[in-house]
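[1] Let me see the structure of the following:
(2 chains)
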Amino acid sequence: MSDKMLDETQLQTLYQYAMVLSQHRDDAYDLLQSAVESYLIKVKRGAQVIECPVAYVRTLIRNRYIDHYRYRQRWQSESFEELALYDISPVDLEQVVIDSDELQGIWTQLSVEDRDILYHWAVLGYSTDEACALLDMPRGTFLSRIHRLRKRCQAMSNSLSRSQE
Amino acid sequence: MKQDETVHAKLPLKDAIRHQAASEQLSVGQLDELLAMQRDVLVEAPVKRSKLPVWLGAVAACCVLVVSLFIWQNSTQQYSRDIALEVAGNHLQLKPMDVETQSMTEIRRYFTQLDFSPVRSSLLETQFDLPENLMIGGRYCSVKGVTATQIRYRGTDSELRTFYEVGYDEERYGHIPDIDKGETPQELMVKGVKVTLWVEKGLLMALVADM
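    As a prediction, the model looks like this:
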């Protein structure tokens, strides 16, 4: 098997990323398929050495998602800095606990930019600062979003607690 | 395909997100399709993959060959021209003969300070119409610093021809056509005379004739 070939695990990981962005299985598969096609064309031409195929295809997926869906879903390419200062640091994010049902409820309501950042932080292991830099998002914007996320988690948690009582 | 697994215990956000992301899986059919797509390009068509590098390699090899030939041809031409200029100069000076004879045997007997034995070239009779009896005589000379013979002939047209012989060293004289290998003698026009160069029997030979 060629070392340039993406194996099953890598394909599953890339599909999961496409799902994080699109939240739609058919769209996610289309994104992955077209990104792999582009990757293969690049490899076939041999003009450029691709050292990390998974990272390369992940970037293709993200770029395609922005290109294809930004108008429909209004990808927030314009940045906005909220002036309010929140006392949120990466440590705080690490301390947030949530159960899977809560997250599933919140996950689809999050903006695609938030899911993208959280995926880079939780799954790919970047710090929140690194993820912001990588995804070209101002840190202030991200922190304000995390603040809202925490509030939602808190509200969801309180709601579940009340219903259990 | 969504996994039917639900975790109700509280998890750190990071773990919960990992679990959430991992819950989405490609179906077996989708996975097979993507793997097959890659195999078609990366595994079953290795020739196509190597097409560009081979093409580039061929072009590079051709360029190297052309440049090498150009350099080799230029250097060879320069060597030949240097020899032609030297022997033409000697011819034009018409220095007196050291020995006057019409016999190659006499010539060989006279030239004892050479590191080769003077011989008759087959071309003198077949191509230049210079039989032994048209020989006038000979003298020592040098070609590019190496002791050589200079044998003068008077052709049937009464014109003088000067024939040179010296031991052939390709490093010193460059590539000169070897008629024993079927190569054609090289002709150069310098100083108003025609110089023909060739290698025969391991000797570099030159014939200078007025035009």
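
[2] now residue B:89, nearest residue through space, not along the chain?
    The shortest distance from residue B:89 to any non-neighbouring residue, by CB to CB, 6 or more residues apart in numbering or on different chains, is to residue B:191 (6.9 Å). Backbone N, C-alpha and C define where each C-beta goes, glycine included.

[3] So for the one helix or strand residue A:44 maps to, what gets flagged as buried?
    Per DSSP states H and E: residue A:44 is located in helix A:25-45. Buried residues in helix A:25-45, defined by neighbour count with 16 or more other CB atoms under 10 Å in any protein chain shown: A:25, A:27-29, A:31-33, A:35-36, A:38-40, A:42-44.

[4] is it up against chain B anywhere?
    Yes. Helix A:25-45 lies within reach of chain B by CB under 8 Å from any CB of the partner chain, at A:25, A:28, A:29, A:32, A:33, A:36, A:37, A:40, A:43, A:44, A:45.

[5] If I take the next helix or strand after that helix and helix A:25-45, what angle do their directions form?
    Using DSSP H and E, the helix or strand that follows helix A:25-45 in sequence is helix A:53-73. For helix A:53-73 against helix A:25-45, the angle by axes from the mean of the first three to the mean of the last three CA atoms, to 10 degrees is 130 degrees.

[6] one step back: now what about the helix holding residue A:44, what contacts it?
    A:4, A:6, A:11, A:14-15, A:18-19, A:21-22, A:48, A:50, A:53, A:56-57, A:60-61, A:64-65, A:68-69, B:24, B:26, B:30, B:33-34, B:37-38, B:41-42, B:48-49, B:52 (CB atoms under 8 Å, 6 or more residues apart in numbering or on different chains).

[7] Buried ones among the residues you listed?
    Looks like these have A:4, A:6, A:11, A:14-15, A:18-19, A:21-22, A:53, A:56-57, A:60-61, A:64-65, A:68-69, B:24, B:26, B:30, B:34, B:38, B:41-42, B:49 buried, using 16+ other CB under 10 Å.

[8] picking up where we left off before, out of the residues of helix A:25-45 next to chain B, which one sits closest to residue B:161?
    residue A:45 (65.0 Å; CB to CB).

[9] where's the residue nearest to residue A:122 when sequence neighbours are not counted, which helix or strand?
    Computed as CB to CB, 6+ apart, the closest residue to residue A:122 that is not its neighbour in sequence is residue B:17, at 3.7 Å. Element membership of residue B:17 [criterion: DSSP H and E] is helix B:13-22.

[10] got any ranges where chain B has weak pLDDT?
    Chain B contains residues with pLDDT under 70 at B:1-8, B:44-52, B:72-76.

[11] Which residues of it lie near chain A?
    B:6-22, B:24-26, B:30-31, B:33-35, B:37-39, B:41-43, B:48-49, B:52-53.

[12] 7 Å instead?
    Contact residues, chain B versus chain A (CB under 7 Å from any CB of the partner chain): B:6-14, B:16-22, B:24-26, B:30-31, B:34, B:37-38, B:41-43, B:48-49, B:52-53.

[13] Chain A - how does it break down into domains?
    A:8-73, A:90-164 (automatic domain parsing).
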